[in-house]
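Q: Here's a sequence, model it:
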Amino acid sequence: DIPLEILLSLKGKTKFISEKMACYRRSEGGISQSPKQLAKMRSGYIKMYSHLANEIDFINGIYLRFLVLKLNLGYIKTYIKKLI
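A: This next block holds a predicted model:
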């Protein structure tokens, strides 16, 4: 959803709705919470945000580059936990 929202916001005016419009459910036993799936999702987000940051202007891409940095730091944190 986020890449589409960003691309559309670059084409015209947008509005912010502060109320919750959706709900994501998470459970410990869910497939999306397994370490393997989380690593796969993180890798996909890094690629997606990196490509999107390269497609838009520098100022708007700064936030996306910070997201990529945060996701990469998550990899490091996960790796360090495995070492301990």
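Q: how about low-confidence regions in the protein?
A: Along the chain, segments meeting pLDDT under 70 span 27-33.
Q: those helices in it, which residues are they?
A: Under the criterion DSSP state H, the chain contains helices at 2-9, 35-55, 58-83.
Q: Give me the buried stretch members for the longest one, please.
A: By that I understand helix 58-83. Using 16 or more other C-beta atoms under 10 Å as the test for burial, helix 58-83 gives G61, L64, L67, V68, L71. C-beta here means a position set from N, CA and C on the backbone, and glycine is covered the same way.
Q: can you redo those residues as TSV with distance to L38?
A: Output for these, formatted as TSV (distance: C-beta to C-beta, whole Å):
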residue	distance to L38
G61	25
L64	20
L67	16
V68	16
L71	11
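Q: wait, which of those residues is closest to L52?
A: Using C-beta to C-beta, L64 is the member of the buried residues of helix 58-83 that lies nearest L52, at 5.7 Å.
Q: Just confirm the closest one contacts L52, I think it does.
A: Yes. Using C-beta atoms under 8 Å, L64 makes contact with L52 at a distance of 5.7 Å.
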